[in-house]
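# mind folding the following:
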Amino acid sequence: MTITPALPRWLPLAGSVLLAACASLAPVPPAAALHVDVPVVAHPAGETPAWWYRDGAAQAAGRGAMAGRAKNIIVFLGDGMSLTTVAAARILEGQRNGSSGEEHLLAWETFPATAFSKTYNTDSQTPDSAGTMSAITTGVKTHMGAIAVYAGSENDCTDSLGKHAQTWLELADAAGMATGVVSTARITHATPAATYAHVPNRGWENNAALPAAAVAAGCKDIALQLIEAGRAGHGPGIVLGGGRKEFLTRDQSDPQQPGQRGLRSDGRDLIAEWQRDHPQGAYVTDAAGLAAAAGAPSVLGLFNYDHMQYDHDRIATGSGEPSLAAMTRAAIAHLARNPNGYVLMVEGAKIDMAHHDGNAYRALDETIAFSDAVRAAMEATSSEDTLILVTADHSHTLNFVGYPTRGNPILGKVRGRSSFDGEPGALAKGLDGLPYTTLGYANGPGNTGASDAQPTGSKRYPHGPKKLLAPATGRPDLTAVDTSAPDYMQEALVPLAAESHGGEDVGIWARGPGSGAVRGTLEQNAIYHILVQAAPRLRAALCGKGLCDGNGVPVELPGGNP
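Numbering: from 1, shown residues only. As a prediction, the model looks like this:
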């Protein structure tokens with residue numbers, strides 16, 4: 001019997017017009033796979049940092065990441081951006097644009113390469129942002145709460161000092177590339193911190209937050225690490241986000257919110273120190289200042305005392321904070337001046353925060369703002385030399401339920417069917433005879449029981465309960481309630497002070513050199529290895545230290561073998 005070898009699945013078939021018509025969404029051709037031996041270990045007991053690093057390298061090399069020739073890398077991190085969030089935000093933006101919504105696509109959904117990311121931490125089935133982002137930035141999974149250190153104890157400073165993991169931002173800096181960090185959170189918050197800092201506990205954002213034992217052992221707070229990373233011509237050249245309070249002393253009033261004071265107890269004004277270290281640099285606090293800093297050799301933008309505002313509130317209040325898209329454009333323009341290329345991380349942080357607040361309107365609105373930022377990057381770069389990768393660190397408990405009719409407002413009540421044989425067009429009702437919304441949360445502050453902050457019934461943002469006074473005895477009648485209003489909080493089954501993360505896989509989307517390796521289901525730490533292997537300058541820096549195998553794949557853990 002003669003067996004005809006199958007053509008590679010990416011090759012166009014003769015006479016096919018369908019592939020040509022769908023070229024914009026055609027899969028990226030997988031490059032030649034390289035094999036990396038990975039020892040078989042018992043899980044989780046046999047998982048060491050060195051094993052995680054090699055296993056991640058094997059996943060990336062086996063998918064052809066080494067064929068990448070990316071000069072620049074941009075990682076977009078939608079914090080808490082579950083697949084349900086993506087679907088609901090896609091529909092909301094489409095409906096805002098006048099369509100039924102379901103057929104719409106967010107910016108990154110046009111990318112040719114997609115995959116799933118497994119998000120668990122070494123010690124937790126449902127993860128947090130610190131451990132997940134550390135996996136993405138270092139190539140090694142770690143414990144919940146860790147900021148770019150290998151797995152250990154969250155409060156053991158001494159143990160963590162020997163476990164600092166090099167991030168791709170630090171690697172790029174050492175390789176002569178420009179680097180930048182952009183976030184709508186405090187710039188010392190978990191996700192941005194995991195690109196440049198090393199502490200076992202994400203809460204150590206300023207010196208006053210460190211336990212005395214940690215200070216005595218030599219651990220440094222995250223804000224101080226950012227300032228020190230930027231000395232002697234190193235560290236991120238542009239840093240944009242919120243969180244002035246982590247850099248100011250307790251004796252200093254915030255310049256824009258004078259009723260607030262800094263948190264530092266060591267008397268160090270870190271903003272002033274940054275300005276001394278960068279005499280030609282620009283420290284900015286609003287959108288106008290950011291625009292004026294276009295030609296500065298280094299930029300530090302801290303746009304809020306705490307986290308930056310939700311985009312909805314930023315627009316409503318006219319606060320002067322820049323949008324995430326504006327910060328992204330500014331960062332790319334700044335970094336693109338380096339002939340060696342750049343690595344940039346952009347976080348849409350407040351998707352996650354809105355979910356924790358139990359407020360789907362703001363979560364979806366933030367996702368749309370995140371899409372605007374991705375689109376800005378697409379317009380400012382070329383897929384010929386720039387790898388753009390979009391992903392999330394973890395999921396949330398947002399649910400998309402019922403049988404709403406096509407085009408039903410995504411933030412509205414289900415209008416269609418309660419079951420397959422219901423009455424189309426009418427408000428769908430539960431067995432209790434009451435309507436319900438398409439979107440809801442499994443847990444969180446939207447529970448309709450009476451709390452110490454709001455009475456029984458539907459909750460309004462902001463609602464931060466500390467105590468449940470009386471459990472819900474039924475559901476409120478939503479017939480006359482505007483569930484699409486910005487401050488409406490979706491019902492939550494389990495009452496919690498803040499909605500929790502979810503543990504399911506999240507998406508990865510990519511375009512540009514090396515993006516063909518983004519396919520299938522990946523361990524989250526393999527994202528680091530795709531980025532590093534797809535950028536010749538990054539992998540050459542590791543190979544120069546003897547950390548690569550015979551095929552030039554970086555397989556050995558930088559800094560030793562914990």
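
# and the residue most central in space within the chain, its phi and psi?
Geometric centre of the chain, nearest residue: residue 77, 2.6 Å, by Cα atoms, centre = their mean. Backbone torsions of residue 77, given as degrees, to the nearest 10, read phi -120, psi 110.

# in the sheet, who's paired with it?
Applying DSSP bridges to residue 77 yields these beta-bridge partners: residue 347, residue 391.

# if I pick it, what's in contact with it?
133, 136, 191, 345, 346, 347, 348, 391, 392, 393 (Cβ atoms under 8 Å, 6 or more residues apart in numbering). Where C-beta positions appear, they are placed from N, C-alpha and C, glycine not excepted.

# repeat that for residue 74.
By Cβ under 8 Å, 6+ apart, the neighbours of residue 74 are 332, 343, 344, 345, 346, 377, 381, 386, 387, 388, 389.

# and residue 79, by the same measure?
129, 185, 191, 347, 348, 349, 350, 351, 352, 353, 392, 393.

# so the residue nearest to it when sequence neighbours are not counted is in which element?
The shortest distance from residue 79 to any non-neighbouring residue, by Cβ to Cβ, 6 or more residues apart in numbering, is to residue 352 (3.8 Å). Secondary structure from DSSP states H and E places residue 352 in helix 350-356.

# next structured bit after that helix?
Moving toward the C-terminus from helix 350-356, the next helix or strand (DSSP H and E) is helix 360-380.

# so which elements touch the longest strand seen in the chain?
The residue-count maximum for a strand in the chain (DSSP state E) belongs to strand 178-186. Helices and strands touching strand 178-186, by 3 or more Cβ pairs under 8 Å, 6 or more residues apart in numbering; DSSP states H and E, are helix 168-174, helix 190-193, strand 238-242, helix 324-335, strand 342-348, helix 350-356.

# turn the ones you listed into JSON lines, columns for distance to residue 289, mean neighbour count and mean pLDDT.
Shown next, in JSON lines, are those (distance: least, Cβ to Cβ, whole Å; neighbours: other Cβ atoms under 10 Å; pLDDT from 0 to 100):
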{"stretch": "helix 168-174", "distance to residue 289": "24", "mean neighbour count": "23", "mean pLDDT": "98"}
{"stretch": "helix 190-193", "distance to residue 289": "20", "mean neighbour count": "30", "mean pLDDT": "98"}
{"stretch": "strand 238-242", "distance to residue 289": "11", "mean neighbour count": "27", "mean pLDDT": "98"}
{"stretch": "helix 324-335", "distance to residue 289": "11", "mean neighbour count": "23", "mean pLDDT": "98"}
{"stretch": "strand 342-348", "distance to residue 289": "19", "mean neighbour count": "28", "mean pLDDT": "99"}
{"stretch": "helix 350-356", "distance to residue 289": "21", "mean neighbour count": "27", "mean pLDDT": "98"}
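
# want to throw the ones you listed into TSV with distance to residue 417?
Formatted as TSV, the helices and strands packed on strand 178-186 follow (distance: least, Cβ to Cβ, whole Å):
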stretch	distance to residue 417
helix 168-174	48
helix 190-193	40
strand 238-242	44
helix 324-335	38
strand 342-348	34
helix 350-356	27
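
# helices and strands of this structure: which one bottoms out on pLDDT?
Within the chain, no helix or strand scores below helix 18-21, which has a mean of 32 by mean pLDDT, DSSP states H and E.

# helix or strand next in line after that one, which one?
helix 49-62.

# same for that following helix, what does it pack against?
strand 521-523, helix 526-534.

# which among the ones you listed is found nearest to residue 407?
strand 521-523 (32.5 Å; Cβ to Cβ).

# what pairs with that closest one, parallel or antiparallel?
Short version: by DSSP bridges, strand 521-523 pairs with strand 113-118 (parallel).

# elements contacting the helix or strand just after the partner strand?
Using DSSP H and E, the next helix or strand after strand 113-118 towards the C-terminus is helix 129-138. Using 3+ Cβ pairs under 8 Å, 6+ apart, the elements in contact with helix 129-138 are strand 72-78, helix 168-174, helix 190-193, helix 526-534.

# wait, which of the contacts of residue 74 is closest to residue 72?
residue 386 (4.2 Å).

# which residue, other than its chain neighbours, is closest to the closest one?
Per Cβ to Cβ, 6+ apart, closest to residue 386 is residue 72, 4.2 Å.

# count the residues that sit near that neighbour.
25 (other Cβ atoms under 10 Å).

# ok, now which ones touch the residue lying closest to residue 35 once chain neighbours are set aside?
Leaving aside its chain neighbours, residue 35 sits nearest to residue 62 (6.7 Å; criterion: Cβ to Cβ, 6+ apart). By Cβ under 8 Å, 6+ apart, the contact list for residue 62 reads 33, 34, 35, 36.

# what do you get for residue 290?
Contacts of residue 290 (Cβ under 8 Å, 6+ apart): 240, 284, 299, 301, 322, 326, 327, 330.

# ok, now residue 241?
Residues in contact with residue 241 (Cβ under 8 Å, 6+ apart) are 181-187, 189, 192, 301-303, 308.

# where does pLDDT dip in the protein?
Low-confidence segments of the chain (pLDDT under 70): 1-31, 420-424, 560-561.

# what about residue 103, neighbour count?
Neighbours of residue 103 (other Cβ under 10 Å): 11.

# for residue 398, same thing?
Neighbourhood size, residue 398 [other Cβ under 10 Å]: 26.

# pretty sure it sits against residue 80.
No: at 9.1 Å, residue 398 does not count as touching residue 80 under the criterion of Cβ atoms under 8 Å.

# joint contacts of the two?
What both residue 398 and residue 80 touch, as defined by Cβ under 8 Å, 6+ apart, is the set 355, 363.

# next, the angle from the longest strand of the chain to strand 72-78.
Put simply, strand 178-186 runs at 10 degrees to strand 72-78, going by axes from the mean of the first three to the mean of the last three Cα atoms, to 10 degrees.

# strand 178-186 pairs with which strands, and in what direction?
Strand 178-186 has these strand partners (DSSP bridges): strand 238-242 (parallel), strand 342-348 (parallel).

# let me see the contact set for the nearest residue to residue 505 once chain neighbours are set aside.
Nearest residue to residue 505 in three dimensions, chain neighbours excluded: residue 116, at 4.2 Å (Cβ to Cβ, 6+ apart). Listed by Cβ under 8 Å, 6+ apart, the contact set of residue 116 reads 505, 506, 507, 508, 520, 521, 522.

# what are the bridge partners for residue 116, then?
residue 507, residue 521.
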